[in-house]
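A.B. asks: build me a structure from this.
(4 chains)
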2 protein chains.
Amino acid sequence: MDQKIKSLIEYFNRHLLLDKREVAIVEQSFFQRKIKRRQFILQEGEICKVSTFVVSGCLRTYMVDNSGSEHNLQFAIENWWTGDIGSFHGDVPSKLNIEAMEDSVILQIKKEDLIELYEELPKFNRIFRVLAENAMVSLQRRTLLNISSTAEERYLDFMNRYPFLFNRISNVHIASYIGVTPEFLSTIRKKLVKS
Amino acid sequence: MDQKIKSLIEYFNRHLLLDKREVAIVEQSFFQRKIKRRQFILQEGEICKVSTFVVSGCLRTYMVDNSGSEHNLQFAIENWWTGDIGSFHGDVPSKLNIEAMEDSVILQIKKEDLIELYEELPKFNRIFRVLAENAMVSLQRRTLLNISSTAEERYLDFMNRYPFLFNRISNVHIASYIGVTPEFLSTIRKKLVKS
DNA sequence: CGCGACGTTGATTTGCCTCAACGATTGTGG
DNA sequence: CCACAATCGTTGAGGCAAATCAACGTCGCG
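C.D. replies: Alright, predicted model coming up:
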């Protein structure tokens, strides 16, 4: 078996064991791509036609507002999924950009192949239902944090919740994720060092 | 067929047609409750043991922060789902409260019955996968709005996006949903009337 | 009737942004 | 491998967005 797809199979097996036939179907449904740092796998205006699993590396999803600033919605590292589900399901142009922050290896599946996968292997509905529900929980948590707490609290929460990202991502991008300017994050950090 | 459960069946049929047997299983899986205004169906510290479909009325889900303020995460009216998925799936105490804002009729399903439903009727994995994915899209959209826009923009967005809630919910609760104080929402509204 | 939620106003304070500037680091093309 | 550019993290001055606190009239509800 290909080395790269192995990490995806292992990932699925953590949710629901796959037999040989199922593994074979997964293998032929996904294709592999190597992405260089600063390369995009989705740009605003395009329709998102694939779902992406990250084997190695790191990608970020962000939106550009009307004044030209970027706002990070999500970081995806090993064993995370990324893409724009709204654009993917609705066949509408995306407002998001997805860019590699490091050289990365990804596995992708086209929409028609995913639909076929669901038909051939209905148990994948269950896997992706659980994944979507987990994502919902995280997003609800983040929403509550956004409407109820200060930037300092959101920064501390990010540190505690995603230490593995924290050591890997620049402060500029963390600032954008928690919704503050890099300058203000800097003053937060200074204050935290002192105390 | 019971009148109340009919709205749930119609709801499911909009996603995926159910045959007689499937309808029967759904009917015996859900039970009905009438909830009075200001009554809670979930309180902080409890484990959320049911998933809730709203037949009529309106409920709000909120969190109380350490300084005692409430923050609205979600409103649920007719044909919406509510509950705390994190608590429900993880069997952990909830940090959320769900309270009826109007006299309401709801249909609920216990966790064990939902698991059984998934086993007997696997197609429900698909329905709930799609629902969870839709919820993800909304939450991602709200997250981007929270980290990128002003309170005024969030208020206008709420108006345009949820006009049916807008006419039904007090400004206090809208303020809490978009993450501002009622006082500041009042000044936003004054400014909007003038322009 | 009276109490409690609601919507509003104003004064003051605070959190966070904007803009400008700087050294330090990273990266990149010649 | 060096030189130059770009990005990063930081600092400071000033300004604006939004919170806080206090107060008041209105309304619906018990």
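A.B. asks: list the buried ones in the worst-scoring helix or strand of chain A on mean pLDDT?
C.D. replies: Lowest by mean pLDDT, DSSP states H and E among the helices and strands of chain A is helix A:3-13, with a mean of 87. Judged by neighbour count using 16 or more other Cβ atoms under 10 Å in any protein chain shown, the buried positions of helix A:3-13 are A:4-5, A:7-9, A:11-12. C-beta here means a position set from N, CA and C on the backbone, and glycine is covered the same way.
A.B. asks: ok, longest helix in chain A?
C.D. replies: Ranked by residue count under DSSP state H, the longest helix found in chain A is helix A:123-148.
A.B. asks: chain center to the helix or strand following it: distance?
C.D. replies: Counting by DSSP states H and E, the element after helix A:123-148 in chain order, helix or strand, is helix A:151-161. Centroid displacement of helix A:151-161 relative to its chain, using Cα atoms, centre = their mean, to the nearest Å, is 19 Å.
A.B. asks: pLDDT wise, what is residue A:1 at?
C.D. replies: pLDDT, residue A:1: 60.
A.B. asks: just the strands from chain A, written as ranges.
C.D. replies: For chain A, strands defined by DSSP state E occupy the ranges A:31-35, A:40-42, A:50-56, A:59-64, A:70-76, A:81-82, A:96-100, A:104-110.
A.B. asks: between helix B:123-148 and the fourth one, find me the angle.
C.D. replies: With axes from the mean of the first three to the mean of the last three Cα atoms, to 10 degrees as the criterion, the two stretches strand A:59-64 and helix B:123-148 enclose an angle of 60 degrees.
A.B. asks: picking that back up, show me what the longest helix of chain A is packed against.
C.D. replies: Applying 3 or more Cβ pairs under 8 Å, 6 or more residues apart in numbering or on different chains; DSSP states H and E, we find helix A:123-148 packed against helix A:111-120, helix A:151-161, strand B:70-76, helix B:85-90, helix B:123-148, helix B:171-178.
A.B. asks: separation between the closest residue in space to residue A:110 that isn't next to it in sequence and residue A:56?
C.D. replies: Of all residues not flanking residue A:110 in the chain, residue A:50 sits nearest, at 5.6 Å (Cβ to Cβ, 6 or more residues apart in numbering or on different chains). According to Cβ to Cβ, to the nearest Å, residue A:50 stands 18 Å off from residue A:56.
A.B. asks: looking at the two, which is more packed in?
C.D. replies: For the pair residue A:50 and residue A:56, the greater number of neighbours falls to residue A:50 (19 against 15), based on other Cβ atoms under 10 Å in any protein chain shown.
A.B. asks: okay but that one is in contact with residue A:106, surely?
C.D. replies: No: counting by Cβ atoms under 8 Å, residue A:50 does not reach residue A:106; the two are 9.3 Å apart.
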